[in-house]
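Chemist: okay, structure incoming, though there's no sequence with it:
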């Protein structure tokens, strides 16, 4: 639930509503004429009330709310709507004229109010939107709304990572790995997310990231009131040995423990209450990622010294994690893989080995998580300045984000750059990759500048280098060569890769489909790429399918899928995606965005199109929302890349 909270100095306003487009439409449709309504459920803090508030904004509706203090008073929640003391029958008749009734916190309704809501649903004269916390006990009359199929149920999922990042972008800009940490700790609890992010800012727990305009959080969890409320289940355990078991698990993180190392009686009790998880291998972890940091933060210094294990104890586990990531990359399968050891080291502020950081960056880049990739590369450079692999990954992530010249100091030690004259993508490549053939930095730096022909010339030299690696016969090198050749497909020159990619793999299928201009085959290749975790590659394949399809309906579907995937790729701007997202805008928005991308001010656009400046601003704001752009700086990349290939 979003609330206004005021202290002596500030007035805290609600976060802007973001995402949830499908859920909004579902709720709006459920309250339309001829529909009976809907039940929205989910744990506390997931944003149920805010979602419904947005869905009914501007409509004529009555609203009631359950409270714990009035659960023993009949019809307490409906007191503002009912005249005096009524029977259930008369209460139903009194409310049957209401067009739309929103019932918030229905799990806290008194029994009479719950029965009234149920009867209103049975009679069907009043459209109902019922909001309930399904992690708490719910009155039977309320739960029967969906179990008895009187109303459809929307079980609200956690806000996706990309929408969480958009929320956190307000105010102080947080670096991607801090956003990932907050998202992982909060598990979709928006109230907790807001509380923690506010505490980081007000308590001075953020530090600037060199070479960027972002801030990072490293170190312990701040014990805010909301955190204490969420972890009360573990902090308040008083059974024999239970707190000892929970603390031992907390200080063992990120590694699990074996049940034989713990008190079995106490372990069984906390497992029965859902506080720990025992996997199929018999290892034990705390059930929620917030519990370990909270238990460690509450332990005294002397208590913490006894069970704690420092970063030096995690070397073998970190090496195993690194090998698992490498195997996935070689197998051309980059679906999400748990990697808690590296994330734990990062959260503690410990140095992350450059080799591990470079591999995490590469894994993230192949998944299309470009900002995460750049952040991991910077972590490696912090531990080992000048590391060639980390410099290369930073350059590739920057180039595929279109960052050809972002101002500011170079994380690898170079001078500030200017847009269009070198910059992040160009500077970050180390001396070991100056020719650009071994790692593709020259290829993508040229593509980021809009010089696709130059990128293809660099790619030809890189392909020769890849052929040399193939001749060596090493499997890892062959996989590296395959990814190198696949860049030709992404840049719209599949003839450089057809017949030279592994067997009937997904990369080879994409190359073959693009070479033949086969729209349906490109759709199938894109779906296979997405299934294996290559979200950016899949977005590019769908974008290429848009141009290959002869059926306008199939082209529209491919465009929609491409845009949806591209939005998950953290600002990716590659030649294949150039101009793609304009299809999501209205005709007027496309017209205004094109002029804004050309450098015209709002006033100049207004004068040219005979509109008010305010109308132009409103159209641009709507376009930014649809495009996932933050400001005008992103528009030239979203509209057109000069010289881009027509693939």
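Modeler: That came in fine, so what should we check first? Everything numeric in this text was worked out from a predicted model, so none of it was measured.
Chemist: please tell me how far residue 518 sits from residue 397.
Modeler: 31 Å (C-beta to C-beta, to the nearest Å). Heads up, the C-betas are built off the backbone N, CA and C, glycines and all.
Chemist: let me see the ranges of the strands in the stretch 101-250 of the chain.
Modeler: Secondary structure of the stretch 101-250 of the chain (DSSP state E, counting those that start in this stretch): strands located at 127-132, 153-155, 206-208, 215-217.
Chemist: tell me which element the residue nearest to residue 490 when sequence neighbours are not counted falls in.
Modeler: Among residues not flanking residue 490 along the chain, residue 540 sits closest, at 5.6 Å (C-beta to C-beta, 6 or more residues apart in numbering). Element membership of residue 540, judged by DSSP states H and E, is helix 535-548.
Chemist: distance from that helix to the middle of the chain?
Modeler: 21 Å (C-alpha atoms, centre = their mean, to the nearest Å).
Chemist: and the spatially most central residue of the chain, how far from residue 542?
Modeler: Against the mean C-alpha coordinate of the chain, by C-alpha atoms, centre = their mean, the closest residue is residue 161 at 1.7 Å. For residue 161, the distance to residue 542 (C-beta to C-beta) stands at 21 Å.
Chemist: equivalent analysis for residue 80, please.
Modeler: 51 Å.
Chemist: between the two, which is the more surrounded one?
Modeler: residue 542 (29 against 9; other C-beta atoms under 10 Å).
Chemist: can you give me how far the next helix or strand after the helix holding residue 540 is from the chain middle?
Modeler: Using DSSP H and E, the helix or strand that follows helix 535-548 in sequence is helix 552-566. A distance of 21 Å separates the centroid of the chain from that of helix 552-566, by C-alpha atoms, centre = their mean.
Chemist: for helix 552-566, which outside residues touch it?
Modeler: 368, 519-520, 522-523, 526, 530, 535-536, 538-540, 542-543, 545-547, 549, 572, 577, 580-581, 583-584, 628 (C-beta atoms under 8 Å, 6 or more residues apart in numbering).
Chemist: how about stretch 73-81?
Modeler: 62, 64-67, 70, 82, 86, 91, 94-95, 98, 103, 109-113, 116.
Chemist: among those, name the ones in helices.
Modeler: Judged by DSSP state H, helices contain the following of the contacts of stretch 73-81: 91, 94-95, 111-113, 116.
Chemist: list buried members of these by neighbour count.
Modeler: 91, 95, 112-113, 116 (16 or more other C-beta atoms under 10 Å).
Chemist: pick the one among the residues you listed closest to residue 609.
Modeler: residue 95 (49.6 Å; C-beta to C-beta).
Chemist: wait, isn't that closest one in contact with residue 120?
Modeler: Yes. Between residue 95 and residue 120 there is a contact at 6.2 Å, judged by C-beta atoms under 8 Å.
Chemist: overlap in contacts, the two.
Modeler: Listed as contacting both residue 95 and residue 120 by C-beta under 8 Å, 6+ apart are 101, 126.
Chemist: how close does the nearest residue to residue 47 once chain neighbours are set aside get to residue 159?
Modeler: Spatial nearest neighbour of residue 47, chain neighbours left out: residue 190 (4.8 Å); criterion: C-beta to C-beta, 6+ apart. As judged by C-beta to C-beta, residue 190 and residue 159 stand 7 Å apart.
Chemist: what of residue 84?
Modeler: With C-beta to C-beta as the criterion, residue 84 and residue 159 are 43 Å apart.
Chemist: cool, and residue 484?
Modeler: Taken as C-beta to C-beta, the span from residue 484 to residue 159 is 37 Å.
Chemist: list only buried entries from the contacts of helix 552-566.
Modeler: 368, 519, 522-523, 526, 530, 535-536, 538-540, 542-543, 545-547, 549, 572, 577, 580-581, 584, 628.
Chemist: in this protein, which spans are strands?
Modeler: Secondary structure of the chain by DSSP state E: the strands cover 5-6, 11-12, 37-41, 62-65, 100-104, 127-132, 153-155, 206-208, 215-217, 276-278, 284-286.
Chemist: got the ones you listed as JSON lines, with distance to residue 344 and mean neighbour count columns?
Modeler: Converted to JSON lines, those look like this (distance: least, C-beta to C-beta, whole Å; neighbours: other C-beta atoms under 10 Å):
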{"stretch": "strand 5-6", "distance to residue 344": "32", "mean neighbour count": "10"}
{"stretch": "strand 11-12", "distance to residue 344": "32", "mean neighbour count": "10"}
{"stretch": "strand 37-41", "distance to residue 344": "33", "mean neighbour count": "24"}
{"stretch": "strand 62-65", "distance to residue 344": "41", "mean neighbour count": "18"}
{"stretch": "strand 100-104", "distance to residue 344": "38", "mean neighbour count": "22"}
{"stretch": "strand 127-132", "distance to residue 344": "36", "mean neighbour count": "25"}
{"stretch": "strand 153-155", "distance to residue 344": "31", "mean neighbour count": "16"}
{"stretch": "strand 206-208", "distance to residue 344": "18", "mean neighbour count": "15"}
{"stretch": "strand 215-217", "distance to residue 344": "14", "mean neighbour count": "21"}
{"stretch": "strand 276-278", "distance to residue 344": "17", "mean neighbour count": "18"}
{"stretch": "strand 284-286", "distance to residue 344": "12", "mean neighbour count": "22"}
